[in-house]
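Student: no sequence on this one, just coordinates:
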């Protein structure tokens, strides 16, 4: 059987070792934890710097892509307009400019016709007045 006087001494020694081990763990964690935290912060700063650079690069690439897309769109629209004008021209459909010119010419012609009609009416009216004046002479 175990010695009853030794058991409490073993228990007390084990408890003291555990207590001191716990204090040592706290001391190491405090000491190394501060260093570890600083190392993590430094790596985070480096990562952020690299990330900002990548974001800027991506933004520049996006701007270039947008410019290229706009240029392609403009070229496509220009080519499409030219092809449509060519096809429409082959069918004899007048362009907007041609229609505008014809409209101006018709308006000018209408003005001339109106002026001629007024002159004709005035001449007819003068003839009628002249024949009425002759017939209403002294009796």
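Tutor: Looks like it arrived, so ask away. No experiment lies behind these values; they were computed from the predicted model shown.

Student: how many neighbours does residue 46 have?
Tutor: 10 (other C-beta atoms under 10 Å). (Each C-beta comes from the backbone N, C-alpha and C, glycine too.)

Student: wait, what's in contact with it?
Tutor: Under the criterion of C-beta atoms under 8 Å, 6 or more residues apart in numbering, residue 46 has no contact partners.

Student: Tell me the helix or strand right after the strand or helix carrying residue 89.
Tutor: Per DSSP states H and E: residue 89 is located in helix 6-90. With elements assigned by DSSP H and E, the helix or strand that comes after helix 6-90 is helix 96-135.

Student: quick check: mean pLDDT across stretch 11-20?
Tutor: Computed over stretch 11-20, the mean pLDDT rounds to 81.

Student: can you check stretch 43-50 too?
Tutor: Mean pLDDT, stretch 43-50: 80.

Student: buried ones in that stretch?
Tutor: Within stretch 43-50, no residue is scored as buried using 16 or more other C-beta atoms under 10 Å.

Student: Run the chain-centre distance for the helix holding residue 89.
Tutor: Put simply, helix 6-90 sits 28 Å off its chain's centre (C-alpha atoms, centre = their mean, to the nearest Å).

Student: could you give the angle of that helix to helix 96-135?
Tutor: On the basis of axes from the mean of the first three to the mean of the last three C-alpha atoms, to 10 degrees, helix 6-90 is oriented at 40 degrees to helix 96-135.

Student: Good, we can wrap up now.
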